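Trainee: sequence first, predicted coordinates after that:
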Amino acid sequence: MNYPNAAEPTGVRRSRLLLSMIFLLAPGMVTGHQGATGVVKERMDMMAGIGEDMKGIKAMIQGERPFEAQVFTSHAESIRLAAPRIKNVFPLGSLEHPSEALPRIWEDWDRFTALVDQLTTESERLRDLAESQDRRVVVRQFARVGKTCRGCHTDFRKKQDRNK
């Protein structure tokens, strides 16, 4: 797939804008897990890994680094493999500091797990589209993955202090 920056169609420019908005509005990544232990550390590390995969894909889509189908596919596959494991790293009441999980996860477990299942499905589609020659389709699918992540973070994660 070739992702030139010159002469992008209007739809591609809109998709790039949408992606930029997703990442501006999404809560910031946790960069330090000081004091995290056990399952809280495991899930924070898992989420950080998913975030790094998303950043890697974003960099290719936005032309910040060359598109490499194998690397793109690897990032999408990594997200797909992590997604169903998310349910396992949220045992009831695991809110020890520095967890950013909200009790709402267990109060609305069905919605939480539905979003996890959606992330699995959307990341699988993204992986399958990695070698597509239709950039707009890939960008839209990446936006769907990001929207799923954001939905979970918005509803089930403590608000981030952007000034840190």
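Mentor: Thanks, I have it.
Trainee: neighbours of residue 73, how many?
Mentor: Counted with other Cβ atoms under 10 Å, the neighbours of residue 73 add up to 17. No exception for glycine: its C-beta is placed from N, CA and C like everyone else's.
Trainee: swap in residue 52?
Mentor: Counted with other Cβ under 10 Å, the neighbours of residue 52 add up to 14.
Trainee: low-confidence ranges, this protein, go.
Mentor: Within the chain, the stretches with pLDDT under 70 are 1-33, 161-164.
Trainee: tell me where the longest helix sits in it.
Mentor: helix 38-61 (DSSP state H).
Trainee: any idea how far the next helix or strand after that helix is from the chain center?
Mentor: Counting by DSSP states H and E, the next helix or strand C-terminal to helix 38-61 is helix 69-82. Relative to its chain's centre, helix 69-82 lies at 11 Å (Cα atoms, centre = their mean, to the nearest Å).
Trainee: now do the helices in the protein.
Mentor: Counting by DSSP H, the helices of the chain are 10-25, 38-61, 69-82, 104-107, 109-129, 135-156.
Trainee: list the buried residues for the longest helix of the chain?
Mentor: Within helix 38-61, the residues that count as buried by 16 or more other Cβ atoms under 10 Å are 40-44, 46-47, 50-51, 53-54, 56-58, 60-61.
Trainee: between the helices of the chain, which gets nearest to residue 89?
Mentor: The minimum distance between residue 89 and the helices of the chain falls on helix 38-61, with 3.6 Å, by Cβ to Cβ.
Trainee: which strands and helices sit next to the closest one?
Mentor: helix 10-25, helix 69-82, helix 135-156 (3 or more Cβ pairs under 8 Å, 6 or more residues apart in numbering; DSSP states H and E).
Trainee: try it again at 10 Å.
Mentor: For helix 38-61, the contact count by 3 or more Cβ pairs under 10 Å, 6 or more residues apart in numbering; DSSP states H and E identifies helix 10-25, helix 69-82, helix 109-129, helix 135-156 as packing neighbours.
Trainee: residue 102 is nearest to which of the ones you listed?
Mentor: When those are compared (using Cβ to Cβ), the closest one is helix 135-156, at 5.4 Å.
Trainee: so the closest one versus helix 109-129, what angle?
Mentor: Relative orientation of helix 135-156 versus helix 109-129 (axes from the mean of the first three to the mean of the last three Cα atoms, to 10 degrees): 160 degrees.
Trainee: quick one: list the elements packing against helix 135-156.
Mentor: Using 3+ Cβ pairs under 10 Å, 6+ apart, the elements in contact with helix 135-156 are helix 10-25, helix 38-61, helix 69-82, helix 104-107, helix 109-129.
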